[in-house]
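J.: test case, fold it:
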Amino acid sequence: MLEQIKNLKPLIARPGNFDLFWKNVLGELDQVPCEVEWKELGIIRPGLTRYAVSFTSLAAVRIHGYLLLWDRPAPLVIHTNGYNAPCTMQSSWARRGVNVLGFDTRGFGGSADGVSLSASGHILTGIMDPEESILKGAVCDYIQAHRAVDDLLDLNGNRAIYYGFSFAGAMAIQAAAIARSADMVVAGVPSLGWQEQRIQLAGNGSALELKQYIQSFPEAEKAVLRTLSYFDTVHFAPRVSCPTLIGVGLEDDVVPPETVFAIANHLRCPRQIRVFPSSHAQNDHRIWAAFYRELLKLAMNPHTACGWGYS
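T.: Model prediction:
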């Protein structure tokens, strides 16, 4: 199977106004003050403190998360939630020496308030118009999260690693491509890539919600696919400029490996691909333990990426 799919590289077919759309979105976000609030929640270990954090993102939506902060300079790992799941605190990462910012994108977990979601599925919120799509706000939430912590702590000079798994991996790549403020991206099975093919191949997750919606409303398919084209991770991949590590699961009915290779093979930055037997499986964490260890190794020792090749 690997030999059949590892070189997949579908043609990029961005909408004609893709760049203008994202230029305008970023300009809109630039006008939104972060309005950061934070509250100390306790000491995890000497020198490492946990905080609750919230900030304002696009369309005045309040985003909530946590911050694990050392009392000395340290790289910052930023991560968010998977699809239909809240963000999980990663204190074990912080104990390895990194600062960690985790947050829920709009409509999920602690950031669910103030967002009216489609009853058919999160991804279907605003699906008929890219300007109204919840994905537009979700990408901005990732960008604004980094800005909020920079504003709060003046972390200039510290490395920022954008991390995500599945939906969060897509957000990490898309945010890095748009804002160009990440020093490194680590994405396990990033979703939302090669959208038309993913809808056909996947049997679960957001792709299933999209498939069911199109089956129920076939007249909406053209508009749905047009909106998704503004948030197709393949379309962002060539714009990522920092070293990027991609993880692929060969068996995955949520994010099929074909769609992950489609993203990875369009990266033009220094990159590496790690292949695992499966993803979105019950024993995921054990299977992917080496990937998480590599994330922390790269965060603490970025020179290890110096020998990576270019796509």
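J.: list the contacts of residue 144.
T.: 29, 32, 34, 55-58, 63 (C-beta atoms under 8 Å, 6 or more residues apart in numbering). Heads up, the C-betas are built off the backbone N, CA and C, glycines and all.
J.: repeat that for 10 Å
T.: Contacts for residue 144 (C-beta atoms under 10 Å, 6 or more residues apart in numbering) come out as 29, 32, 34, 36, 55-58, 61, 63, 103, 137, 151, 175, 179.
J.: with residue 20 instead?
T.: By C-beta under 10 Å, 6+ apart, residue 20 lies in contact with nothing.
J.: wait, residue 210 sits on residue 120?
T.: Yes - Residue 210 is in contact with residue 120 according to C-beta atoms under 10 Å; the separation is 9.3 Å.
J.: so what sits against both of these two?
T.: Joint contacts of residue 210 and residue 120 (C-beta under 10 Å, 6+ apart) are residue 127.
J.: okay, the two: which has more neighbours?
T.: The neighbour comparison of residue 210 against residue 120 (other C-beta atoms under 10 Å) goes to residue 210, with 24 against 15.
J.: which non-adjacent residue is nearest the more buried one?
T.: Spatial nearest neighbour of residue 210, chain neighbours left out: residue 199 (5.2 Å); criterion: C-beta to C-beta, 6 or more residues apart in numbering.
J.: what's the burial count for the one you found?
T.: Residue 199: 21 surrounding residues under other C-beta under 10 Å.
J.: so where's the stretch 101-250 of the chain shaky on pLDDT?
T.: The model of the stretch 101-250 of the chain has pLDDT under 70 over residues 155-157.
J.: all the helices of it, in order from the start?
T.: 134-153, 167-179, 195-201, 205-216, 221-229, 233-236 (DSSP state H, counting those that start in this stretch).
J.: reformat these as TSV; add distance to residue 91.
T.: Listed next are those as TSV, based on distance: least, C-beta to C-beta, whole Å:
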stretch	distance to residue 91
helix 134-153	17
helix 167-179	18
helix 195-201	33
helix 205-216	27
helix 221-229	35
helix 233-236	29
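J.: contact partners for the most far-flung residue of the chain relative to its centre?
T.: No residue in the chain sits farther from the centre than residue 46, which is 30.8 Å out by C-alpha atoms, centre = their mean. By C-beta under 10 Å, 6+ apart, the residues touching residue 46 are residue 71.
J.: count the residues that sit near residue 260.
T.: Neighbours of residue 260 (other C-beta under 10 Å): 31.
J.: skipping adjacent residues, who's closest to it in space?
T.: Of all residues not flanking residue 260 in the chain, residue 248 sits nearest, at 4.6 Å (C-beta to C-beta, 6+ apart).
J.: ok, that neighbour touching residue 8?
T.: No - applying C-beta under 10 Å as the test, residue 248 and residue 8 come out as separate, 11.0 Å apart.
J.: okay, these two: which has more neighbours?
T.: Taking neighbours as other C-beta under 10 Å, residue 248 and residue 8 compare with residue 248 leading, 25 against 17.
J.: if I pick that one, what's in contact with it?
T.: Contacts for residue 248 (C-beta under 10 Å, 6+ apart) come out as 2, 5-6, 188-190, 255-261, 263-264, 273-276, 279.
J.: what's the spacing between residue 296 and residue 161?
T.: According to C-beta to C-beta, to the nearest Å, residue 296 stands 9 Å off from residue 161.
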